[in-house]
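A.B. asks: need the 3D shape of this:
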Amino acid sequence: MTLRSFLAAALLGLLSTPVFACGDEAALYSADYDQCMNQAASTIAMLDCIAAEHAKQDKLLNANYQKLMEQLSATRKPRLLAAQKLWLQYRDANCQAYVDPDGGSSEAIVGADCALRATAERAAELAKMQPEAH
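C.D. replies: Residues are numbered from 1 along each chain as shown. Here you go, the predicted model:
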């Protein structure tokens, strides 16, 4: 087994175990996601788990964004809109920077996990920004 193969296998092992439950991430992701990842036996299965959770987190992000926009003054709404557009560009560019195009199938997981984590964190951030949350 080459070093690269070993590292890829180790990464897949880490991503398929409940390491995500450490720290704040446990509160960000659904229990369905943890269960799905615990049962995932392949890269494709893990990507399916990540995609399903990402859809949930994206829906939450959009709901939190809309709720916040409804609560903001006319002066702050364009600021949030501009920030959100820039954040989306940043998320996508940043997560692509994590992906080694020569790294094999595990790199798809790295990119997808980055986008999931960023989306979940942004959804939580938008919820905390709501005036009624204070």
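
A.B. asks: use CA for all of it now, contacts and neighbours both
C.D. replies: Fine.

A.B. asks: nearest residue to the residue nearest the centre of the chain in space, ignoring adjacent ones along the chain?
C.D. replies: In the chain, the residue lying closest to the centroid (CA atoms, centre = their mean) is Leu116, at 1.4 Å. Leaving aside its sequence neighbours, Leu116 sits nearest to His54 (CA to CA, 6 or more residues apart in numbering; 5.2 Å).

A.B. asks: and what of Ile109?
C.D. replies: Going by CA to CA, 6+ apart, Ile109 has Leu47 as its nearest residue, at 6.2 Å.

A.B. asks: number of residues surrounding that neighbour?
C.D. replies: 19 (other CA atoms under 10 Å).

A.B. asks: helices and strands around the helix or strand it falls within, which ones?
C.D. replies: If you go by DSSP states H and E, Leu47 is part of helix 43-71. On a contact count with 3 or more CA pairs under 8 Å, 6 or more residues apart in numbering; DSSP states H and E, helix 43-71 meets helix 31-39, helix 106-129.

A.B. asks: highest mean neighbour count out of these?
C.D. replies: Each of these was scored by mean neighbour count; the highest is helix 106-129, a mean of 20, by mean count of other CA atoms under 10 Å.

A.B. asks: so it versus helix 43-71, what angle?
C.D. replies: Here helix 106-129 points in a direction 20 degrees away from that of helix 43-71 (axes from the mean of the first three to the mean of the last three CA atoms, to 10 degrees).

A.B. asks: all further residue positions should be reported with the first residue as 6.
C.D. replies: All right, first residue 6 from here; so that's helix 111-134.

A.B. asks: helices and strands around helix 111-134, which ones?
C.D. replies: Secondary elements touching helix 111-134 (3+ CA pairs under 8 Å, 6+ apart): helix 8-20, helix 30-33, helix 48-76, helix 82-103.
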